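K.L.:
I would like the atomic coordinates for the input below:
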Amino acid sequence: MSLTDIARYRSADPRITIHSWLRGRDIVEFLGLWEALHNPDFKRIEFDTFKKDAGSNAFTFSIKKWNEELGAIGLITKSGRYGGGVYGYSDIALEFASWLSPEFKLYIIKDYKRLKADENSRLSLNWNLNREGAKLRDGKKQAKKLLKI
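P.N.:
Numbering: from 1, shown residues only. This next block holds a predicted model:
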């Protein structure tokens, strides 16, 4: 997903917005965790040094350096006027959009809660159906026993 396109909704210069986001220590930790979960070639030991510097005034995040030194795959840059920009996996793009817009983040939380409620409702219905089915099977067994007597 294009982080550049997402940033355009809030900024005339999306590069500055993206690089501001990448400066935060919590974002660097998020990206490192994402890489550790999704990328078996991610260099975790080298990441510790990178993470230590994150958040300081002198820290600048370079996606090229991130990818080359740590073997990261979650963020990529493409050059060119059309189709160029910063791209990331959907998890990363959602994190960026959440950082950019608290309103968007609240909609994600609200939708997540709705989906969990729907899931719980379906599971509860399934459990009740299984319970009622078990009652019917037990009732049939009881009736057969009575008929044999």
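
K.L.:
so residue 73 versus residue 54, what's the distance?
P.N.:
Going from residue 73 to residue 54 by Cβ to Cβ, to the nearest Å gives 19 Å. In this view, the C-beta of every residue, glycine as well, is placed from N, C-alpha and C.

K.L.:
and for residue 99?
P.N.:
Distance, residue 99 to residue 54, using Cβ to Cβ: 15 Å.

K.L.:
tell me the domain boundaries of the protein?
P.N.:
With domains defined by automatic domain parsing, the chain comprises 3-100, 102-149.

K.L.:
which one of those is the most hemmed in?
P.N.:
Across these, averaging neighbours per residue (mean count of other Cβ atoms under 10 Å) puts domain 3-100 on top, at a mean of 15.

K.L.:
for residue 43, what are its contacts?
P.N.:
Applying Cβ atoms under 8 Å, 6 or more residues apart in numbering to residue 43 gives the contacts 69, 70, 71.

K.L.:
who's in contact with the most centrally placed residue in the chain?
P.N.:
Compute the mean C-alpha point of the chain, and by Cα atoms, centre = their mean the closest residue is residue 91, 3.3 Å away. Applying Cβ under 8 Å, 6+ apart to residue 91 gives the contacts 34, 74.
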